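Enquirer: let me see the structure of the following:
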Amino acid sequence: MKNLIVMAIPGFIILLVAELVVAYFQKRHDEYFDAKDTASSLSMGIGNVTVGTFSKALIPVSLSFLFQFRVFTLPETAWWAWVLCLLADDFSYYWFHRASHSVRYFWASHVVHHSSQKYNLGTALRQTWTGNLSGSWIFWLWMPLVGFSTTMITTMMAISLLYQFWIHTELIYKFPRLIEFIFNTPSHHRVHHASDVKYLDRNHAGILIIWDRMFGTFVEEDIHPTYGLTKNIETHNPIRIAFDEWGMVIKDVWNAPTFKAKMGYLFGPPGWSHDGSRKTSAQLRAEEKLKQQEQPAKQTELV
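Expert: Numbers count the residues shown, from 1 in each chain. Next up is the predicted model:
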């Protein structure tokens, strides 16, 4: 997995520069790019690769151990086994990604990727330093048990990451309807990076958007997204970007008045609070829906 990603780094840089050049000639570079923001994203990417040199060893070791207890053995030389692996990997990624938005423990690592208020190929490189150490890979542990080898799983995980790089752009609007229906595209992923209430925690797909359509988390892009977090970090310091949320988690758990509240701050959804002083995505969405329902009533009263 590491080799594929490392080998792709020159391609990442070339495409990032190409995107900047195109945006410049379109006179939209100030809209798409910020030098400090891009530098932060690149720093996070470098840190991810550096830390990953050691932390990613946890993945093949765990997968290989579980492979000993497999029920089936899927042949690495069969094309259909790789198709099944793609589907299984993408299914696993969907639930990992969805959990990363609904469980604060996983969000503490994943929030890094959403901390930029810009959306470009540089944002794709803004990756966590703590994801592997916090066990994000546990969502793939079922795969060796049903017969996928460690090589197949780690290769497909890398392919998924490579695929997701190019969808971090505003230079592509939409593809033909069939492609948009099946695959994750820039349009779908722009929604995922938005902080607008209607877009929060939607479009968790890796390669195939079909999982979001199947499990009720799909939203079509209709208004231009506002990128970033509902409460932005407002820093370009890579250290703060990497660990800010973890620090807040520790603080909340430490100060929580009961054991139940401590567990809520650790495993509840981002934005959960024991006293209602903060709002989760579900609560923000409910408030927005209530406002929309009240608006026609107010207009009727005025008439």
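
Enquirer: low pLDDT regions in this structure?
Expert: By pLDDT under 70, the low-scoring segments of the chain are 1-2, 296-303.

Enquirer: how about the helices in the stretch 151-300 of the chain?
Expert: 177-182, 186-192, 210-215, 238-255, 259-267, 281-302 (DSSP state H, counting those that start in this stretch).

Enquirer: kindly export the first one (C-alpha atoms) in PDB.
Expert: The C-alpha atoms that make up helix 177-182 are tabulated as PDB, following Å, rounded to 0.1, in the frame of the first residue of the first chain:
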ATOM      1  CA  ARG A 177     -25.800  11.100 -15.500                       C
ATOM      2  CA  LEU A 178     -24.900   7.400 -15.500                       C
ATOM      3  CA  ILE A 179     -21.400   8.200 -14.200                       C
ATOM      4  CA  GLU A 180     -22.800  10.500 -11.500                       C
ATOM      5  CA  PHE A 181     -25.200   7.800 -10.500                       C
ATOM      6  CA  ILE A 182     -22.600   5.100 -10.000                       C
END
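
Enquirer: mind listing what's buried in that helix?
Expert: By 16 or more other Cβ atoms under 10 Å, the buried positions in helix 177-182 come out as E180. Using the backbone N, CA and C atoms, a C-beta is placed for each residue, glycine as well.

Enquirer: so how far is that helix from its chain's centroid?
Expert: Averaging C-alpha positions (Cα atoms, centre = their mean, to the nearest Å) puts helix 177-182 21 Å from its chain's average.

Enquirer: what comes into contact with it?
Expert: Contacts with helix 177-182, where a contact means Cβ atoms under 8 Å, 6 or more residues apart in numbering, come from 174, 185, 187-188, 208-210, 213.

Enquirer: of the residues you listed - the most surrounded one?
Expert: The residue in those with the most neighbours, by other Cβ atoms under 10 Å, is I209 (24 neighbours).

Enquirer: ranking the helices of the stretch 151-300 of the chain by burial, who's on top?
Expert: helix 186-192 (a mean of 22; mean count of other Cβ atoms under 10 Å).

Enquirer: which residues in this protein form strands?
Expert: Under the criterion DSSP state E, the chain carries no strands.

Enquirer: what distance do you get for Q117 to L20?
Expert: The spacing between Q117 and L20, counted by Cβ to Cβ, to the nearest Å, is 17 Å.

Enquirer: separation between the residue positioned nearest the centre of the chain and F106?
Expert: Central residue of the chain (Cα atoms, centre = their mean): H97, 5.7 Å from the mean position. H97 sits 9 Å away from F106, going by Cβ to Cβ.

Enquirer: give the contact list for the residue lying closest to G271 once chain neighbours are set aside.
Expert: Spatial nearest neighbour of G271, chain neighbours left out: T280 (4.0 Å); criterion: Cβ to Cβ, 6 or more residues apart in numbering. Contact analysis of T280 by Cβ under 8 Å, 6+ apart lists 268-272.

Enquirer: return a ChimeraX selection command for the buried portion of those residues.
Expert: Only the buried entries of the contacts of T280 go into this ChimeraX selection, using 16+ other Cβ under 10 Å:
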select :268,269,270,271,272
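
Enquirer: can you count the residues close to the closest residue to L208 other than its chain neighbours?
Expert: Spatially, and ignoring its direct neighbours in sequence, L208 is nearest to D90 (5.2 Å; Cβ to Cβ, 6+ apart). For D90, the number of neighbouring residues by other Cβ under 10 Å comes to 20.

Enquirer: before we move on, back to that, which non-adjacent residue is nearest the residue nearest to the centre of the chain?
Expert: Closest to H97 by Cβ to Cβ, 6+ apart is H204, at 4.0 Å.

Enquirer: how near is K198 to K251?
Expert: Taking Cβ to Cβ, one finds K198 at 30 Å from K251.

Enquirer: do A78 as well
Expert: 51 Å.

Enquirer: thanks again, I'm all set now.
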